[in-house]
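Chemist: pasting the structure only:
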């Protein structure tokens, strides 16, 4: 098999392809011949050296794959062999062969292509946890989605519109026309406009019921201020830590210095009638059956055509460094994939 390794912390060029024998599935596992692997921002933060969950380097990153089952371990269902599937991987997804516990594997519906399948697990599960499981978004409420052109942003937009909510999104101006076609009701150019002021203007000063924020730092602080009464701030990342292609002490200190460490205290939350919560899908492995129920619900919506991942671009395994550059240069609208 071929795998992409983070060989050391640093720029995208530290990613290297290595070969190894094909793995054999252990008890309860299915082996998948991978046709596409998803790239997530956690992979990039791990490569830079600011993602604490990453196993010791050198390591193969990757949380999701799409492909076909070709072997089953003892205790796993032999009837899975030959099925087209999507799967969650606990690292190791940048591989052309993976072995995964059966309960982390979903049959891919015919409505999703193999590429769309690889774009589905992490982004849509994260968006569902933010919007439905914890955010409690309701019809006619308004959600502000940061980086709405990313994989989570597009997934969240589709889920929110299905619920009947209004969507405000932040993205660079070049992406606005395409994102408006996805159903984003109001778009804010975060490079030229202050999202706090524009959100107040769009909502006539009331604010929003839900915010999805993976930026961190000052963005959390400003977002909290524009929550309407009963509003919820969902935090699911800190991309401001990765301002460059390598680890930056100044970026880390700046983000930490601007975090609202004392703003989210119990008394202020009670008096403001606001809520703050966090989401880290990588810490939900003990809740795999709950995640399966979310995945099953969303795959049913995908089969109905309600949810449809947007693939921004695919890169070959030997183009992994270019793929990371592409994402960090903020060029993608939708999901970026690696294809063996």
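Modeler: Thanks, I have it. This structure is a prediction, so every number in the text was calculated from the model and none was measured.
Chemist: Wait, a helix at residue 57?
Modeler: No. Residue 57: not assigned to a helix; according to DSSP: H, G, I helix; E, B strand; the rest coil it is coil.
Chemist: burial measure for it, as a count.
Modeler: 15 (other C-beta atoms under 10 Å). The C-beta positions use only the backbone N, C-alpha and C, and glycine is treated the same way.
Chemist: Who are the contact partners of it?
Modeler: Residue 57 makes contact with 6-9, according to C-beta atoms under 8 Å, 6 or more residues apart in numbering.
Chemist: Relative to residue 67, how far out is residue 1?
Modeler: Distance, residue 1 to residue 67, by C-beta to C-beta, to the nearest Å: 12 Å.
Chemist: just residue 132 next, same as before
Modeler: 28 Å.
Chemist: Nearest residue to the middle of this protein?
Modeler: Centroid check for the chain by C-alpha atoms, centre = their mean gives residue 123 as the closest residue, at 3.8 Å.
Chemist: Got the confidence number for the closest residue to that one other than its chain neighbours?
Modeler: Leaving aside its chain neighbours, residue 123 sits nearest to residue 151 (3.8 Å; criterion: C-beta to C-beta, 6 or more residues apart in numbering). Per-residue pLDDT puts residue 151 at 96.
Chemist: count of residues packed around residue 151?
Modeler: For residue 151, using other C-beta under 10 Å, the count is 30.
Chemist: let's have the chain start at 9 instead
Modeler: New numbering, starting at 9: the last item is residue 159.
Chemist: Make sure it is actually in contact with residue 342.
Modeler: Yes. Residue 159 is within contact range of residue 342, at 6.3 Å (criterion: C-beta atoms under 8 Å).
Chemist: Any chance you could list residues touching both of those two?
Modeler: Residues within reach of residue 159 and of residue 342 at once, by C-beta under 8 Å, 6+ apart, are 127, 317-318.
Chemist: follow-up on the earlier one: contact partners for the residue nearest to residue 131?
Modeler: By C-beta under 8 Å, 6+ apart, the contact list for residue 159 reads 46, 48, 127, 130-131, 317-318, 342-344.
Chemist: go on, residue 27?
Modeler: Counting by C-beta under 8 Å, 6+ apart, residue 27 touches 9-11.
Chemist: Same question for the helix-or-strand element of the chain with minimal mean pLDDT: list its buried residues.
Modeler: Least confident helix or strand of the chain, by mean pLDDT, DSSP states H and E, is helix 257-266 with a mean of 78. Residues 259-260, 262-263, 266 are the ones in helix 257-266 that count as buried (16 or more other C-beta atoms under 10 Å).
Chemist: Which member of those is positioned nearest residue 94?
Modeler: residue 263 (32.8 Å; C-beta to C-beta).
Chemist: For residue 207, what is the enclosing helix or strand?
Modeler: Here residue 207 sits within helix 203-210, counting by DSSP states H and E.
Chemist: Let me fix that, I meant to ask about residue 223.
Modeler: Using DSSP H and E, no helix or strand contains residue 223.
Chemist: shouldn't it be in contact with residue 158?
Modeler: No. Contact between residue 223 and residue 158 fails when scored by C-beta under 8 Å: they sit 11.2 Å apart.
Chemist: Which of these two has more residues huddled nearby?
Modeler: For the pair residue 223 and residue 158, the greater number of neighbours falls to residue 158 (26 against 21), based on other C-beta under 10 Å.
Chemist: which residues touch that one?
Modeler: Neighbouring residues of residue 158 by C-beta under 8 Å, 6+ apart: 49, 131, 340, 342.
Chemist: Which stretches in the stretch 109-258 of the chain count as strands?
Modeler: For the stretch 109-258 of the chain, applying DSSP state E, counting those that start in this stretch gives strands covering 113-115, 150-153, 174-178, 194-196, 216-221, 235-243.
Chemist: Of the ones you listed, which stretch is the most buried?
Modeler: Among those, judged by mean count of other C-beta atoms under 10 Å, the one packed with the most neighbours on average is strand 150-153 (a mean of 28).
Chemist: Now do the residue lying closest to residue 264 once chain neighbours are set aside, the pLDDT please.
Modeler: Computed as C-beta to C-beta, 6+ apart, the closest residue to residue 264 that is not its neighbour in sequence is residue 225, at 7.8 Å. Residue 225 carries a pLDDT score of 90 in this model.
Chemist: The one 3 residues further on now?
Modeler: In this model, residue 228 is scored at 96, pLDDT.
Chemist: I'd like the distance between it and residue 124.
Modeler: Counting by C-beta to C-beta, the gap from residue 228 to residue 124 is 32 Å.
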